[in-house]
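Colleague: task: produce atomic coordinates for the following.
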Amino acid sequence: MFLKKGLPMNNVIDYLKEVLKATGKGLKGYLKAECKLSVLTFVVLCSGFLLIGIEHWGIKAFGIAIVDIIPVLGSGIIMVPWAVIRFIMGDTTIAWQLGLVYIVASIIRQIAESFVTGKEIGVRPLYTLISTVICFLLFGPLGALAGALVAVIIKAIFEVKFIRRL
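Modeller: Here you go, the predicted structure:
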């Protein structure tokens, strides 16, 4: 593509280096955003677990917040089976409370995710959300993670192109 326009090979390599550098910056921002979201999830889970009287609430909230980094599955991979098992065991009150804590944590994270991720990688929240949804629809659960990466790469390409025009 670049060579058809008659750009020398050095310009293409320099362009790719600039795009990679900008992409690296974006990925660093994405990881920073995920850490912030994990802390938010941790705080919500700690509050919920403390309110409903879960033993070792801090340790359990920490473990679930770490697992929450997994796109799409997130904290649900632990919270849903935990609530179902408690329900089957006859502890329906705790089961419903765990379910409620999970729903609240999920809603708060979903609302915050687009804003925090968009701010950290320098992409508007709506674009990050659209990219994530499209990639999820195309590639499934791994696409949710790829969505932010795609947004970062597209932003880097446009950023480098814009800077080169100036």
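Colleague: for Leu58, pull up the helix or strand it's in.
Modeller: For residue 58 the amino acid is Gly, not Leu. Under the criterion of DSSP states H and E, Gly58 resides in helix 57-67.
Colleague: what residues of stretch 60-74 count as buried?
Modeller: For stretch 60-74, the neighbour count (16 or more other C-beta atoms under 10 Å) marks 60-62, 64-65, 67-69, 71, 74 as buried. C-beta coordinates here come from the backbone N, C-alpha and C atoms, glycine included.
Colleague: relative to Val123, which of the residues you listed is nearest.
Modeller: Of all the buried residues of stretch 60-74, Val123 sits closest to Pro71, with 16.9 Å by C-beta to C-beta.
Colleague: so how far is stretch 45-60 from its chain's centroid?
Modeller: 23 Å (C-alpha atoms, centre = their mean, to the nearest Å).
Colleague: nearest residue to the one residue sitting closest to the centre of the chain in space, please, no chain neighbours.
Modeller: Of all residues in the chain, the one closest to the mean position by C-alpha atoms, centre = their mean is Glu34, 5.5 Å from it. Spatial nearest neighbour of Glu34, excluding adjacent residues (C-beta to C-beta, 6 or more residues apart in numbering): Ile69 at 5.6 Å.
Colleague: for that neighbour, which three-state class applies?
Modeller: Secondary structure, DSSP: H, G, I helix; E, B strand; the rest coil: Ile69 is coil.
Colleague: thank you, goodbye.
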